[in-house]
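Colleague: I'll drop the sequence and a predicted model, then ask my questions.
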Amino acid sequence: MMRLGDISGVPPDNSEKIESGQVALLFMDVTFDDPRDVPREVEHRLRASFDIPPAFGSNLFPAVTTDTAAGAEVLRKKPVVLSPPLKGKNWVAVNGCCVVSPHRDAMIAIDQKLLAAERYGIDWIQTDDEGRIDLPDNPKLTDFPAYGDPVLAVANGKVVDVVKGLPDAEPGVLDQDNTLQEAGGNHVILSIGGGRYAFYAHLKPGNMEVEECDHVRSGQRIARLGNSGNTTAPHLHFHVMDAPLLLGADHNLPYVFDSFVYKGHLEDPDGTPILLDTPEPREDELPLYQSLVTFPAPRGH
């Protein structure tokens, strides 16, 4: 599967054409039925054609090129298995893997590096039993079913960063004055071992239940879901990274949840719920884009 994402931050149009003066990112997804078929490394072969203006001296520039480069080693480690960061039913994996989305194509330039800082991030939003959120025209924070829900530790670990002094944002209004440090709003970062760090963002002010250097157990309540930082509606942003840096880690890491119940998904573009007649229990999987799931009680690790 191939998509083009514009590095400028403009929403991608899924075209295969890069206009003059543009820089673009190419997203490719390759799936395998058997993990044993996954290669140890991949190499990219790109064939490109060019619309060359007649007055450009087209004899000096090829109309078609084929380049083989950008070899990359494939990460073969199994993703870390976590307990869920939330509990209860009707959670939607908004902006989840694996489509071009505000998470997948968020490329951030920090310290002379171009970072995919949120590649496996998920925005968790709660719906009603039919997979919908029915809100009044001018909703209050308390009109959102998830607001104030418990947020849980996904593994045994140590708290390495806590921010708790930021207010909730008004629903539907994106604060353009947020700095990079304020983008996650009130947040918690847990060191969960193996060089991995779990990041929880947009938490409710005045409801942090941990401090830096605290040790936590899987399933322990650490905060409550809110709407602080770079957000327009109450939700939990969650991802795993290889450094305790809000958006500056070199790698955003894959992970799976030990158990959840898959109820269906929400269709694009209008979010129409497509629900299974019989929900399916899943283990050691990552809920994909727009999946609607129920999180059982954490099993613990």
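Modeller: Great, that's in hand.
Colleague: quick one: low-confidence ranges for the stretch 51-200 of the chain?
Modeller: Regions of the stretch 51-200 of the chain meeting the criterion pLDDT under 70 cover residues 55-59.
Colleague: try 50 this time
Modeller: The stretch 51-200 of the chain contains no residues with pLDDT under 50.
Colleague: which element is Arg119 on?
Modeller: Under DSSP states H and E, no helix or strand contains Arg119.
Colleague: doesn't His103 make contact with it?
Modeller: Yes - Arg119 lies in contact with His103 (C-beta atoms under 8 Å); the separation is 6.8 Å. C-beta here means a position set from N, CA and C on the backbone, and glycine is covered the same way.
Colleague: Give me the more crowded residue out of those two.
Modeller: His103 (23 against 19; other C-beta atoms under 10 Å).
Colleague: ok, which stretches of the stretch 151-300 of the chain are strands?
Modeller: Counting by DSSP state E, counting those that start in this stretch, the stretch 151-300 of the chain has strands at residues 157-163, 186-193, 196-203, 215-216, 221-224, 236-241, 252-253, 255-267, 272-285, 291-295.
Colleague: I would like the residues contacting the fourth one, please.
Modeller: It stands for strand 215-216. Ala153, Asn156, Gly157, Lys158, Val159, Leu190, Val210, Ile222 (C-beta atoms under 8 Å, 6 or more residues apart in numbering).
Colleague: so which of the residues you listed comes closest to Asp67?
Modeller: Leu190 (42.0 Å; C-beta to C-beta).
Colleague: if we can go back for a sec, between the contacts of strand 215-216, which is closest to Ala146?
Modeller: Once C-beta to C-beta is applied, the member of the contacts of strand 215-216 that ends up nearest Ala146 is Ile222, at 15.8 Å.
Colleague: what's around the residue nearest to that closest one when sequence neighbours are not counted, how many residues?
Modeller: For Ile222, ignoring the flanking residues on the chain, the nearest one in space by C-beta to C-beta, 6 or more residues apart in numbering is Val210 at 4.8 Å. Val210 has 19 neighbouring residues, counting by other C-beta under 10 Å.
Colleague: And the pLDDT at Val210?
Modeller: Val210 is assigned 98 on the pLDDT scale.
Colleague: related to what we said a few turns ago, in a markdown table: the contacts of strand 215-216, plus distance to Ile52.
Modeller: Listed next are the contacts of strand 215-216 as a markdown table, based on distance: C-beta to C-beta, whole Å:
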| residue | distance to Ile52 |
| --- | --- |
| Ala153 | 57 |
| Asn156 | 60 |
| Gly157 | 56 |
| Lys158 | 58 |
| Val159 | 57 |
| Leu190 | 53 |
| Val210 | 60 |
| Ile222 | 58 |
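Colleague: where in the stretch 201-301 of the chain is pLDDT low?
Modeller: Checking the stretch 201-301 of the chain against pLDDT under 50 turns up 300-301.
Colleague: where do the contact lists of Arg119 and His103 overlap?
Modeller: What both Arg119 and His103 touch, as defined by C-beta under 8 Å, 6+ apart, is the set His239.
Colleague: Same list (the strands of the stretch 151-300 of the chain) but as CSV, adding mean neighbour count.
Modeller: Shown next, in CSV, are these (neighbours: other C-beta atoms under 10 Å):
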stretch, mean neighbour count
strand 157-163, 18
strand 186-193, 22
strand 196-203, 25
strand 215-216, 17
strand 221-224, 20
strand 236-241, 24
strand 252-253, 21
strand 255-267, 19
strand 272-285, 12
strand 291-295, 22
